[in-house]
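K.L.:
need a 3D model of the following:
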Amino acid sequence: MSIIGMGLIFYSPFSTKDIKEGDDYLSSDFENPEKVQEQAMSGRIVAINVGSPGEYVLNIYSGYPSEEFIKSRSLKFRLGIEIRDELLCVRDLFDLIDWEEEVAEEQVLRLSNGYYHMTFLSEVPDSGVHGDNQVIDLYLQKLNGMPKLRFKGVPMLF
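P.N.:
So this is what the prediction gives:
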C-alpha cells in the first residue's frame, strides 16, 4: 500500500457515516492527539502513525501471533476495533483531508461483525528507511467485547 501521509487508518464504514464527501476531517477532528486516542479507544477510526510516507506491505492474519514472533519484532502495538457492515477498510491517514466515502476494493477486508484485537508487528526495513517496502503484520482476534487498551495519544508503530 502506497501512502503519502504519516499513517494508516482502519475503520468499519459505520464509524465514518458522519463525515461528508470533501470534508477535511483530519484538520477538524483528527489532528488533536486526544481525539485520535478517543477514536482508537472506542474502536471507531483506528489510526496508527507509521513514521513516514512510503510503501507498506500489510499482511493480515486471523488470531494472535505466537509469543516468539512478537518477541522477534521491535515494532509492536495492540489496538481494538469494532466491525459492523462486515467490512474493515484500510486507508492512508491523509484520505481524511478530502474525504471520499468510496474505498478501493483491495483496501477492504470482509470480516464477521464484532470486536477485534488488532496486533501490529513490524521491523524497520534493511535500508533503515521506514516505508521502504516495510512489512506490517496485522493479526485480528475476534473478542466478545471491546478490549481494554492502554496507551496515550497517537498509536505509533515506529
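K.L.:
which helix runs longest in the protein?
P.N.:
Counting residues, the longest helix in the chain under DSSP state H turns out to be helix 33-42.
K.L.:
other SSEs contacting that one?
P.N.:
Contacts defined by 3 or more Cβ pairs under 8 Å, 6 or more residues apart in numbering; DSSP states H and E place helix 33-42 against strand 46-49. Where C-beta positions appear, they are placed from N, C-alpha and C, glycine not excepted.
K.L.:
which strands and helices sit next to the strand it packs on?
P.N.:
Using 3+ Cβ pairs under 8 Å, 6+ apart, strand 46-49 sits against strand 7-11, helix 33-42, strand 75-83.
K.L.:
can I get the CA coordinates of the longest one in CSV?
P.N.:
Taking only C-alpha atoms (Å, rounded to 0.1, in the frame of the first residue of the first chain), the coordinates of helix 33-42 have been written out as CSV:
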residue,chain,number,x,y,z
PRO,A,33,-3.8,13.5,19.7
GLU,A,34,-6.5,13.3,22.4
LYS,A,35,-9.2,13.0,19.7
VAL,A,36,-7.1,10.3,17.8
GLN,A,37,-6.8,8.4,21.1
GLU,A,38,-10.5,8.8,21.8
GLN,A,39,-11.4,7.3,18.4
ALA,A,40,-8.9,4.5,18.8
MET,A,41,-10.0,3.7,22.3
SER,A,42,-13.6,3.4,21.1
